[in-house]
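> I need the structure of the sequence given here:
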Amino acid sequence: MSKIFIAEDDTAILSGLKELLVNAGYEVACITDFSISVKQILDADPDLVLMDINLPGMNGEQILQELRRTSNVPVIMVTSRASETDEVISMSYGADDYITKPYNPTILLLRISAVLKRFSRVEEKNSYRGMQLNTARGTISDGDHELVLTKNEMIIFGQLLEKQGEIVTRDELMTALWDNDEYLNDNALTVNISRLRAKLDEFGCDNAIETRKKQGYVLI
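This next block holds a predicted model:
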């Protein structure tokens, strides 16, 4: 059962949303103290957040901005203002979708379902040996511990994970790293691969990257 966290200060709207979501088979949590909004959301560990923009204390866009520093939980922003500016700002801060009040309950449920499915596919794609890759934070997590990667290491690991079990050539890795701020030559790539290997070994992922001579690397 997916958990939906509601950030809404209008008690009548909140009550209707809770009833709608519970009847649709979701577990529901909500903000009870708007002075610690971000903490409550993170502590609840929801699968999706429904966030009103107009909230007391920090508004929804500020909360979203804070959330994105530590979490990639999907967020649907909700507002009573039909303003393109709100939509642009929300999406630029990392919202996954946006809906304007008054909304059709069926449309809202469809959007929630679509975002959850999309996020589930991303999580599956970013899963390795039961751990999750968080590209926004540059970490690999097993739920209890996090392995922090450098920007180059994250790009390399992401490329290998995307083609797990297949050979990724050095040229392909160099191309992926081309837009990075730091210039990377062939020797530097070898050093980055070695450091990534060592980090993965220390994190319990022994022999994760296999070298295929004259061909490239395989994440196994």
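> okay, CA-based contacts and neighbour counts for the rest of this
Noted.
> Give me the three-state assignment for the residue minimising distance to the centre of the chain.
The centroid of the chain falls nearest to Asn72 when counting by C-alpha atoms, centre = their mean (2.8 Å). Under the three-state scheme (DSSP: H, G, I helix; E, B strand; the rest coil), Asn72 adopts coil.
> Repeat that for Ile99.
The assignment at Ile99 comes out as strand when based on three-state DSSP.
> Identify the residues contacting it.
Residues near Ile99 by C-alpha atoms under 8 Å, 6 or more residues apart in numbering: Ile76, Met77, Val78, Thr79, Leu108.
> And for Gly138?
Listed by C-alpha under 8 Å, 6+ apart, the contact set of Gly138 reads Val148, Leu149, Thr150, Lys151, Met154.
> Next one: it, what pLDDT does it get?
Predicted confidence (pLDDT) for Gly138: 79.
> Show the average pLDDT along stretch 39-57.
pLDDT averaged over stretch 39-57 gives 91.
> Please state the backbone phi and psi of the residue nearest to the centre of the chain?
With angles defined as degrees, to the nearest 10, Asn72 sits at phi -110, psi 20.
> Tell me the spacing between it and Asp45.
According to C-alpha to C-alpha, to the nearest Å, Asn72 stands 11 Å off from Asp45.
> Check Met1 too.
Met1 is 13 Å from Asp45, by C-alpha to C-alpha.
> Tell me which of those two has more neighbours.
Neighbours per residue (other C-alpha atoms under 10 Å) separate Met1 from Asp45, with Asp45 holding more: 16 against 7.
> if we can go back for a sec, got a ChimeraX select line for the buried ones in the contacts of Gly138?
With 16 or more other C-alpha atoms under 10 Å as the criterion, this ChimeraX line picks the buried residues out of these:
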select :149,151,154
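> In CSV, list the contacts of Gly138 along with distance to Ile112 and pLDDT.
Shown next, in CSV, are the contacts of Gly138 (distance: C-alpha to C-alpha, whole Å; pLDDT from 0 to 100):
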residue, distance to Ile112, pLDDT
Val148, 31, 89
Leu149, 32, 88
Thr150, 33, 89
Lys151, 32, 85
Met154, 30, 87
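> Just the ones in helices from the contacts of Gly138, please.
Mapping those onto helices (DSSP state H) picks out Lys151, Met154.
> Tell me the backbone dihedrals of Thr106, please.
According to degrees, to the nearest 10, Thr106 has phi -70, psi -40.
> In this protein, where is pLDDT below threshold?
For the chain, the stretches flagged by pLDDT under 70 are 81-92, 121-125, 136, 179-184.
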